[in-house]
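K.L.:
Sequence plus the predicted model coming up.
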Amino acid sequence: MKKGIILLALIFTACVNLEDIGGNSGGEVKEIKTSNINTSKNYEKRNGVLYVDNVLANGKQEYKEKNGVIIKGNYREGLPDGIQEKYYPSGKIYGKINIINNKTEGTETNYYENGKTLSQLDYTQGKLISGKIYYENGDLLSKIEGKKTTIYYSSGKKLFTMDKSDIAVYHENGKEVFSNSDEGIKINGQTAEKSLLDMFSSKNLVKTALFLLTSDTVQAEYKNGKPSIQLQGTTAVMYYESGKILLELSPSLDGTVNSKIYYENGQLMQVEDRNKSGRSVKVYDKAGNLIADTIYSKEHEIRQIF
């Protein structure tokens, strides 16, 4: 293994951060008739602040971005205030979010363009409390319950779990590939020898990272033998069962994290850059159109650049 992955726990971070491209598990998918959009007014966003005819937006607004993305919602002094809806260029709904005092509040709901749910996420004052994320075919991908996160194979079997500082990685057949706990680190169910670096920390996640500095690549597999996840160096890669990349995650020693999430057709879905001051997220549809460009501060405040 090249220089070890800094914190295996960061694997779930990118999946949790799918909050930026959200969804829900059912219900009627809304569609808007693009021909009804009022284009007589001049709408312009400047660093996330909406202007209408060169005046700060107030009240209910409905407008179309240059690439065809449609936005409906209430604004106060140019910033979202209340329920916001966003639609794909096709007119199909992309998502619904409630913003109060520049923070997400309540349930955020978003959809794949095919109408299937992407995620359903619950917030309190901008902080993610719980939620579910789905594969494009509707199968559950991830579940968040407080500090506990579980990632699933499309078959419903566990792929990855994290409960506070305890983590585990599994093959699709249910066999454990890797785990850490107060009892120590296990590889394929067997207790691993302690790393010489183990003495430098008593924290499970740090001990795990130090252990991986001197270990081989960790890989879990689908039943068909193809890799479902690989941990190598400072990079973690998750795969669809087809072999296509689902997620690339690259944490750095300075605390920054870069991640990319892909549709199964290979098109980039989301790019995220995270650092100590917050994170920025860009989301794309399957045609490569930019759907959202959002900045989140470390205080959980949201700024919709696009």
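P.N.:
Yes, it's here.
K.L.:
Please tell me the pLDDT value assigned to residue 240.
P.N.:
Looking at residue 240, its pLDDT stands at 96.
K.L.:
and it, what does it touch?
P.N.:
246, 264 (CB atoms under 8 Å, 6 or more residues apart in numbering). All C-beta atoms are positioned from the backbone trio N, CA, C, and that covers glycine.
K.L.:
ok, now with 10 Å
P.N.:
If you count contacts by CB atoms under 10 Å, 6 or more residues apart in numbering, residue 240 has them with 135, 136, 154, 222, 226, 228, 246, 247, 262, 263, 264, 266.
K.L.:
show me what contacts the fifth one?
P.N.:
I take that to be residue 226. Contacts for residue 226 (CB under 10 Å, 6+ apart) come out as 172, 239, 240, 241, 242, 243.
K.L.:
can you tell me which of those lies nearest to residue 114?
P.N.:
residue 240 (15.9 Å; CB to CB).
K.L.:
Roughly how far does that closest one sit from residue 257?
P.N.:
22 Å (CB to CB, to the nearest Å).
K.L.:
Next: residue 290.
P.N.:
On the measure of CB to CB, residue 290 and residue 257 end up 21 Å apart.
K.L.:
Comparing the two, which shows the higher neighbour count?
P.N.:
Between residue 290 and residue 257, counting by other CB atoms under 10 Å, residue 257 is the more crowded of the two (19 against 15).
K.L.:
Bridged to the more buried one, which residues?
P.N.:
Beta-bridge partners recorded for residue 257 (DSSP bridges): residue 251, residue 274.
K.L.:
Which pLDDT value belongs to it?
P.N.:
87.
K.L.:
for the stretch 101-250 of the chain, what spans make up the helices?
P.N.:
Secondary structure of the stretch 101-250 of the chain (DSSP state H, counting those that start in this stretch): helices at 204-212.
K.L.:
residue ranges with poor pLDDT in the chain?
P.N.:
1-40, 192-215, 233-234, 253 (pLDDT under 70).
K.L.:
ok, now with 80
P.N.:
Within the chain, the stretches with pLDDT under 80 are 1-40, 164-165, 181-184, 191-217, 231-235, 251-255, 306.
K.L.:
Quick check: residue 174 touching residue 168?
P.N.:
No: Residue 174 lies out of contact with residue 168 (CB atoms under 10 Å); the separation is 11.4 Å.
K.L.:
ok, these two, which is more surrounded?
P.N.:
residue 168 (19 against 9).
K.L.:
how many neighbours does the closest residue to that one other than its chain neighbours have?
P.N.:
Of all residues not flanking residue 168 in the chain, residue 179 sits nearest, at 4.0 Å (CB to CB, 6 or more residues apart in numbering). Residue 179: 20 surrounding residues under other CB under 10 Å.
K.L.:
coming back round to it: out of the contacts of residue 226, who's the most crowded?
P.N.:
Using other CB under 10 Å as the neighbour criterion, residue 172 leads the contacts of residue 226 with 22 neighbours.
K.L.:
show me the contacts for residue 265.
P.N.:
Taking CB under 10 Å, 6+ apart as the test, what residue 265 contacts is 136, 242, 244, 286.
K.L.:
Confirm it sits in a strand?
P.N.:
No: under DSSP: H, G, I helix; E, B strand; the rest coil, residue 265 falls outside any strand and is assigned coil.
K.L.:
if I look at it, how far off is residue 139?
P.N.:
17 Å.
K.L.:
what do you get for residue 239?
P.N.:
In this view, residue 239 and residue 139 are 15 Å apart by CB to CB.
K.L.:
Of the contacts of residue 226, which belong to strands?
P.N.:
Using DSSP state E, the subset of the contacts of residue 226 located in strands is residue 239.
K.L.:
any idea which of the contacts of residue 226 is the one closest to residue 97?
P.N.:
Closest to residue 97, out of all of the contacts of residue 226 and judged by CB to CB, is residue 240, at 27.2 Å.
K.L.:
If you tally nearby residues, what's the number for residue 266?
P.N.:
10.
K.L.:
cool, and residue 93?
P.N.:
Neighbour tally, residue 93, other CB under 10 Å: 22.
K.L.:
Report the secondary structure element holding the residue nearest to residue 276 when sequence neighbours are not counted.
P.N.:
With CB to CB, 6+ apart as the criterion, residue 276 has its nearest non-adjacent residue at 5.7 Å, and that residue is residue 255. Per DSSP states H and E: residue 255 is located in neither a helix nor a strand.
K.L.:
Surely residue 255 and residue 279 touch.
P.N.:
No: contact status for residue 255 versus residue 279: not in contact, 11.7 Å apart, counting by CB under 10 Å.
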